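Participant: Return a 3D structure for these sequence lines:
(chains A and B)
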Amino acid sequence: MKKAPILRSYTLFYLLFLYGPILLLPIFAFNDSRVVAFPLQGFTTAWFAEMAADQNLRNAAWNSLIIALSVASISTVLGIFAARASVRYRFPGKGPLMGMIMLPLVLPEMIVAMALLVVLLSMNIPLSLFTVILGQTLICTPFAVAILTSAFQSLDKSLEEAALDLGETPWSTFRLIILPLVMPGIMASFLICFTISFDEFIIANFLGSGEPILSVYIFGQFRFPAKVPSMLALGTVLVCFSIILLGFAEYMRRRGIAKAGGKDSGGFL
Amino acid sequence: MAETPSSEARTGLKLISPTAIYVILLLAVPLATVLVYSVLTGGRGNVSLPVTFENYSELWSKSVYGYIMFKSLMVALCVTAITVILAYPVAYFVSFHVKPERKSLWLFLITIPFWTSYIIRVSLWFVILGYGGIIDSALAGIGIQPLNIASYSILSIIIVLAHAYAPFAVLPIFVSLEKVDRSLLEAGQDLGESRWVTFLRVTLPLSMPGVIAAALIVFIPTVGDYVTPELVGDGKEPMIANLIETQLLKLQNFPQGSAFAVASMLMVGLVSVAFVFWNRRFIGGGK
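Facilitator: I've put the predicted structure just below:
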């Protein structure tokens, strides 16, 4: 490899810019001052204690957890159907149908949220955690389809044919041969949908009827300067949490590729 | 498996139907509803006939709406240009100067920030840029007056959005750079071109599809961003998403809000089509 000192330092600088705000999180989360500013005032864990004692925050976190688990499960199941159908079968209307399923990726989220909201309000359907789940599933499904499509693509079709020749039914072939092979992809899809949903704001805010949801709660709290330090503590916890989840998702993805004997092309999508 | 085309088609359709039905009910139907509402007459919280194009003419006649649309477009284009230009050298570095086995580690490092809480990242900027915030207090340490960058709403919206969507831009550019045939570059240099000229005449045109994909990926969510103008701009500089929210939720004017939503979709669509056409020029041989 050629050395490129300027490009290299530029890239490192760019990474610093990307990580800058995230690196500031723990610095000020442990800083002993309600005012988030330099100079630093000394070490404290008071903000973490304040965060842990906040009952509203705990409710919001619990609701977010329920939403994220439901969204991740539903999106991954819907993703399996769509990805399997598009990789394995040819059928009429496949292009438009897949385009429709992937559409939320290229629509501003606000439009999706507002369109759904208009319909829900017109039909007098009360907003609840359930409507948030419905909306977020729409946003997460394209991600699940993208991840699972690459998992299904790396499958060797002859394995499936062999199983059918040996007398397995299509369903038992799917369960015994295909499912185990795409399992890492399913895990990766679940984890990524979970992360997206847990973090999602627009749909949670507009389809959520004022039930506390973590992202909406955080958004509200940042308006009160006195609440900012405990939000930074929460942010520190969330960042650690999502890095662990993503590390795990990346590990599953690589294992999936290795299992199917493919070559790693890098990246999630 | 010996399948006739028609049985294959049936199995495929059956398999995709749960996902397709979900998407049709929860996406296609709502979008169609918005389209229909946008040409109806409406009061507070209800819609009625007759069919009218007044909601759209309102868009043209009231300069404040036109201004917000134009501003959202400009902010999004600015953010897109900044992110893509900043991301290109990074993608180039990872593709050309990093050992193959280390590439996915670098990409992973670049994408992590994108997956960490969006709301916290954006809110943090509010604390970083605000009056007496982290930047101001750090500058005060070396004797510089507070800048209060957050008071320049549009500037701070651009900074925050460019940061939030930065990782998005690197991946597509990287993918297209990976596809560039390395022997073409050697050929260029063997024929006496300098490295810079080879880059301009070979690498850059060949990687244009990635650049345009990156531009689209950044442009679409930024034009519809709701959180940043609300939080960083302090609501003083609303963008399209905020306008739609005001019409639909605060004023309960469904037809007018729908017309804004349709108009912004059209805008996004037109810009995307322009990008795609631009892309076609480069796919067609890059002469």
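Participant: now the strands for chain B?
Facilitator: For chain B, the strands defined by DSSP state E occupy B:41-42, B:47-48.
Participant: check whether stretch A:6-22 contacts chain B.
Facilitator: Yes - Stretch A:6-22 comes into contact with chain B (Cβ under 8 Å from any Cβ of the partner chain), by way of A:7-8, A:10-11, A:14-15, A:17-19, A:21-22. Every C-beta, even on glycine, is put in place using the N, C-alpha and C of the backbone.
Participant: List the buried residues in that stretch.
Facilitator: For stretch A:6-22, burial by neighbour count (16 or more other Cβ atoms under 10 Å in any protein chain shown) applies to A:7, A:10-11, A:14-15, A:18, A:21-22.
Participant: mean pLDDT for the strands of chain B: which is lowest?
Facilitator: For the strands of chain B, mean pLDDT drops lowest on strand B:47-48, to a mean of 68.
Participant: just checking, what's the longest helix in chain A?
Facilitator: For chain A, the helix with the greatest residue count under DSSP state H is helix A:55-88.
Participant: Name the nearest residue to the residue in chain A that chain B sits nearest to, ignoring sequence neighbours.
Facilitator: Residue of chain A nearest chain B, by Cβ to the nearest Cβ: residue A:108 (2.2 Å). Nearest non-adjacent residue to residue A:108, counting by Cβ to Cβ, 6 or more residues apart in numbering or on different chains: residue B:224, 2.2 Å away.
Participant: Now that that neighbour has come up, it's in contact with residue B:240, right?
Facilitator: Yes - Residue B:224 is within contact range of residue B:240, at 6.4 Å (criterion: Cβ atoms under 8 Å).
Participant: okay, these two: which has more neighbours?
Facilitator: Using other Cβ atoms under 10 Å in any protein chain shown as the criterion, residue B:224 and residue B:240 rank with residue B:240 on top: 30 against 27.
Participant: What pLDDT does the model give residue 37?
Facilitator: Chain wasn't specified; assuming chain A. 67.
Participant: Sorry, I should have been clearer: chain B.
Facilitator: 82.
Participant: Show me the shaky parts of chain A.
Facilitator: In the predicted model, chain A carries pLDDT under 70 at residues A:1-3, A:36-40, A:259-269.
Participant: At which residues are the helices of it located?
Facilitator: A:5-29, A:46-53, A:55-88, A:94-102, A:109-122, A:129-153, A:157-165, A:170-173, A:179-199, A:202-206, A:214-221, A:228-259.
Participant: Please identify the residues of the stretch 151-269 of chain A in proximity to chain B?
Facilitator: Residues of the stretch 151-269 of chain A lying near chain B by Cβ under 8 Å from any Cβ: A:160-161, A:164, A:192, A:195, A:199, A:201-202, A:206, A:215, A:218-219, A:222, A:228, A:231-232, A:234-235, A:238-239, A:242-243, A:246, A:250, A:254, A:264, A:266-269.
Participant: Identify the contacts common to residue B:224 and residue B:240.
Facilitator: A:108, A:110, B:264 (Cβ atoms under 8 Å, 6 or more residues apart in numbering or on different chains).
Participant: and the last one, what does it touch?
Facilitator: In this case it means residue B:264. A:108, A:111, B:69, B:72, B:223-224, B:240, B:244.
Participant: That one and residue B:230, how far apart?
Facilitator: Using Cβ to Cβ, to the nearest Å, we find residue B:264 at a distance of 16 Å from residue B:230.
Participant: do the same with the first one
Facilitator: Computed as Cβ to Cβ, the residue A:108 to residue B:230 distance reads 15 Å.
Participant: and if you look at the second one?
Facilitator: Taken as Cβ to Cβ, the spacing of residue A:110 relative to residue B:230 amounts to 11 Å.
Participant: Which residue, other than its chain neighbours, is closest to the residue in the stretch 1-150 of chain B that chain A sits nearest to?
Facilitator: Among the residues of the stretch 1-150 of chain B, residue B:12 lies closest to chain A, at 3.0 Å counting by Cβ to the nearest Cβ. Spatial nearest neighbour of residue B:12, chain neighbours left out: residue A:89 (3.0 Å); criterion: Cβ to Cβ, 6+ apart.
Participant: quick one, what contacts the one you found?
Facilitator: By Cβ under 8 Å, 6+ apart, the contact list for residue A:89 reads B:8-9, B:11-12, B:15.
Participant: Buried among the residues you listed? Make that a PyMOL selection.
Facilitator: Buried members of those can be picked out in PyMOL with the line below, counting by 16+ other Cβ under 10 Å:
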select buried, chain B and resi 9+11+12+15
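Participant: Include distance to residue A:84 and pLDDT when you put the contacts of residue A:89 into TSV, please.
Facilitator: Shown next, in TSV, are the contacts of residue A:89 (distance: Cβ to Cβ, whole Å; pLDDT from 0 to 100):
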residue	distance to residue A:84	pLDDT
B:8	13	80
B:9	15	83
B:11	10	84
B:12	9	84
B:15	6	84
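Participant: Filter the contacts of residue A:89 down to just the ones in helices.
Facilitator: Per DSSP H, the subset of the contacts of residue A:89 in helices is B:8-9, B:11-12, B:15.
Participant: just these now: which is nearest residue A:147?
Facilitator: For the ones in helices among the contacts of residue A:89, the residue nearest residue A:147 by Cβ to Cβ is residue B:15; the value is 17.6 Å.
Participant: so the closest one makes contact with residue A:83?
Facilitator: No - assessed by Cβ under 8 Å, residue B:15 is found out of contact with residue A:83, at 9.7 Å.
Participant: count of neighbours near residue A:232?
Facilitator: 27.
Participant: With residue A:48 as the reference, measure out to it.
Facilitator: Taking Cβ to Cβ, one finds residue A:232 at 10 Å from residue A:48.
Participant: Mutual contacts of the two, please.
Facilitator: By the contact definition Cβ under 8 Å, 6+ apart, residue A:232 and residue A:48 are jointly contacted by residue A:29.
Participant: So between residue A:110 and residue B:230, which is more surrounded?
Facilitator: For residue A:110 versus residue B:230, neighbours defined as other Cβ under 10 Å are more numerous around residue A:110 (26 against 19).
Participant: Isn't the more buried one up against residue B:248?
Facilitator: No - the criterion here is Cβ under 8 Å, and residue A:110 misses it with residue B:248 at 10.1 Å.
Participant: By residue count, tell me the biggest helix in chain B.
Facilitator: Using DSSP H, we find that the single longest helix of chain B is helix B:63-97.
Participant: just checking, what packs against that one?
Facilitator: Using 3 or more Cβ pairs under 8 Å, 6 or more residues apart in numbering or on different chains; DSSP states H and E, the elements in contact with helix B:63-97 are helix A:5-29, helix B:54-61, helix B:103-115, helix B:153-164, helix B:166-178, helix B:204-223, helix B:240-245, helix B:254-283.
Participant: Tell me if the shortest one is near chain A.
Facilitator: What it means is helix B:240-245. Yes - counting by Cβ under 8 Å from any Cβ, chain A is contacted by helix B:240-245 at B:240-241, B:244-245.
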